[in-house]
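Let me see the structure of the following:
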Amino acid sequence: MTQPPKSSAAPPTAPAPPVTAPPPAATVPAQRGRPAVPPVRRTAFVEGAERLRAAATTEPGRLRVIGAVLALVVVAFGAVTAWQSGERASAADDVLTRSQPLSSGAAAIYRSLADANTAASTGFLAGPRESAENRARYEDDIRTAASGLVRAAADTEPGSPSEATVRKLNRLLPEYKGLVERARVYNRQGYPVGGAYLRYANEKMQTEMLPAAQDLYTKENQRLDADYADATPYPWAAIALGLLALTALGLAQYRDYRRTNRVLNHGMVAASAATVVVLLWLVVGHTVARSGLFSSYDHGIRSLNVLHNAQIAALKARGNENLSLVARGAETVEVNGTKQDAYYHAFDQDLATLGTRLAEARRLADDVEGGTPVDAARGDADEWRDRHGTARGEDEKGNYQRALDLVIGADGTTGASFDGVDRSLSRALGHEQAEFDRAATGGRDAMTGLPEGAAVLGVLGAAGAVLGIGRRLSEYR
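Now for the predicted structure:
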């Protein structure tokens, strides 16, 4: 019996079990000695990014992304333009209506105090012959200074250095007035102690009150400079966003043209037009505003500051001239190893300062109306110097009454020359104030309506961009 042939083939084996993927991490059981692995959860940002990537693979999805980006950029441009323009318009308005009037008010306080001191010394020299006009001038100066301090106190921030300065002046003013009144009373009774009281009042004015008033004036000028610094810079962030918005709108319309051969998309054209209007309004408005504000500073503020300083120098010179006759050499100062009358020495310094300020004011005057009163003041100052030299010569020779007549007399006096300087400077100040008001008003008005207009046009531009994209999306439905 024969055996069946042996087969070389391998014996059949059982089929392999199907390969299955390992269970997800969330279902991996805990191993011995190890805790279960918590499930991995994706954040909303990751899921949103994945959906955005998935949507961008289709044309409708890409259009939606483009529309959202365009709307965001245009709205951001309108918002930043409204914000930066609003800040600059507010600062320009502060220059015109707040900081410059406060600066002029501080200068008026200084001038009133210095003029009151001059009027007090003039009245003291006149004695019983003091004119009603001089007495009224003194009282008006005191009232002007007091009312100016009230306004300054209302406009200063609580706890600020300016508030402390105003409080100090409010305390010193009645003290000064009391000293002057005592000097008047003793002088009319013929007591020499009246001159001591007047010198003490002058010392309080020169060493405490006028420096405090100068400090207030300096602080208000710093506030004015800060408002100019806030009002004049170009809004570069808004301009950059405007150019970015125009570029994005242009690229979107070019892409639309390449895919559809349609030259215009009405919605995006409207958005582009709104963006161009806001950008031109922004650039032109700020350029005109900057020009007006810079002009108000160069042809207004600078001249006003110089003229204020010239007027103050004239007032101080007049006060020292009067006090030199009140003291009669009782106050001396050493200059270059020699003793000189302290008030005559101060007068010479003040008159030199007056000449320097008037020369600078003439250089800054850019029209006939501004230059004519400055020229008149320079002529009166030269005449004042000559007359003062004559009066001082009489005083040094012992002719006191003659010197007094040359200082406070009726005709050809140094007082008349001082009055001429003061009147001319007042006219020049009025002209420069008007120049400032005109230029600053033009600068402020150039930005009128820009913040509101930018916000409205920004919203309309974003709506136009969205409608333009929506028009394209409707073709896929």
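
CA atoms for contacts and neighbours, from now on please.
Will do.

per-residue confidence for residue 99?
Per-residue pLDDT puts residue 99 at 88.

That one: what's it in contact with?
220-221, 223-224, 227 (CA atoms under 8 Å, 6 or more residues apart in numbering).

nearest to residue 350, of those?
Using CA to CA, residue 221 is the member of the contacts of residue 99 that lies nearest residue 350, at 22.5 Å.

Just to check, that closest one is in contact with residue 103?
Yes: at 5.7 Å, residue 221 counts as touching residue 103 under the criterion of CA atoms under 8 Å.

which of the contacts of residue 99 has the most neighbours?
residue 220 (25 neighbours; other CA atoms under 10 Å).

Leaving out sequence neighbours, find the closest residue to that residue.
residue 103 (4.9 Å; CA to CA, 6 or more residues apart in numbering).

so how far is the strand or helix carrying that neighbour from its chain's centroid?
According to DSSP states H and E, residue 103 maps onto helix 100-126. Its chain's C-alpha centre and that of helix 100-126 lie 26 Å apart, by CA atoms, centre = their mean, to the nearest Å.

could we number from 6 for the rest of this?
With the count now opening at 6, the last piece we talked about shows up as helix 105-131.

In terms of secondary structure, what does it contact?
helix 137-160, helix 166-193, helix 215-236, helix 307-332, helix 405-413 (3 or more CA pairs under 8 Å, 6 or more residues apart in numbering; DSSP states H and E).

got the buried residues for the third one?
The neighbour-count check on helix 215-236 (16 or more other CA atoms under 10 Å) flags 215, 217-226, 228-230, 232-233, 235-236 as buried.

what does the shortest one give?
For helix 405-413, a neighbour-count test (16+ other CA under 10 Å) marks 405, 408-413 as buried.

what about residue 344, is that helix, strand or coil?
Secondary structure state of residue 344, per DSSP: H, G, I helix; E, B strand; the rest coil, is strand.

Check which helix or strand the residue nearest to it when sequence neighbours are not counted maps to.
Of all residues not flanking residue 344 in the chain, residue 338 sits nearest, at 5.5 Å (CA to CA, 6+ apart). Secondary structure assignment for residue 338, by DSSP H and E: strand 337-340.

Which strands and helices lie in contact with that strand?
Counting by 3+ CA pairs under 8 Å, 6+ apart, strand 337-340 packs on strand 343-346, helix 347-369.

circling back to that earlier point, determine the number of other residues adjacent to the residue nearest to residue 344.
When neighbours are counted by other CA under 10 Å, residue 338 comes out with 15.

So residue 80 sits against residue 467, correct?
Yes: between residue 80 and residue 467 there is a contact at 6.0 Å, judged by CA under 8 Å.

if you count what's nearby, which of the two comes out ahead?
Remark: of residue 80 and residue 467, residue 467 carries more neighbours, 30 against 25, as counted by other CA under 10 Å.

Let me know the helix or strand that that one is in.
helix 455-478.

And for that helix, what's in contact with it?
Residues outside helix 455-478 that contact it (CA under 8 Å, 6+ apart) are 65, 68-69, 71-73, 75-77, 79-84, 86-91, 270-280, 283, 286-287, 290.

got the buried residues for that helix?
So, applying 16+ other CA under 10 Å, buried residues of helix 455-478: 455-475, 477.

Please give the centre-to-centre distance between that helix and its chain.
So, by CA atoms, centre = their mean, the centroid of helix 455-478 is 35 Å from its chain's centroid.

try stretch 69-82
With CA atoms, centre = their mean, you get 36 Å for stretch 69-82.

for stretch 469-482, same thing?
48 Å.

returning to what we had before: filter the contacts of helix 455-478 down to just the ones in helices.
With DSSP state H as the criterion, helices contain 65, 68-69, 71-73, 75-77, 79-84, 86-91, 271-280, 283, 286-287, 290 from among these.

and those residues, which are buried?
Applying 16+ other CA under 10 Å to the ones in helices among the contacts of helix 455-478, the neighbour count classes 65, 68-69, 71-72, 75-76, 79-84, 86-91, 271-280, 283, 286-287, 290 as buried.

quick one: low-confidence parts of this structure?
Applying pLDDT under 70 to the chain flags residues 6-47, 49-50, 52-54, 56-57, 59-62, 266-268, 334-335, 480-482.

residues in contact with the residue sitting nearest the centre point of it?
Centroid check for the chain by CA atoms, centre = their mean gives residue 232 as the closest residue, at 1.2 Å. Applying CA under 8 Å, 6+ apart to residue 232 gives the contacts 96-97, 99-100, 104.

Redo those residues as JSON lines? Include secondary structure and distance to residue 173.
Formatted as JSON lines, these follow (DSSP: H, G, I helix; E, B strand; the rest coil; distance: CA to CA, whole Å):
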{"residue": "96", "secondary structure": "helix", "distance to residue 173": "29"}
{"residue": "97", "secondary structure": "helix", "distance to residue 173": "31"}
{"residue": "99", "secondary structure": "helix", "distance to residue 173": "26"}
{"residue": "100", "secondary structure": "helix", "distance to residue 173": "27"}
{"residue": "104", "secondary structure": "helix", "distance to residue 173": "21"}
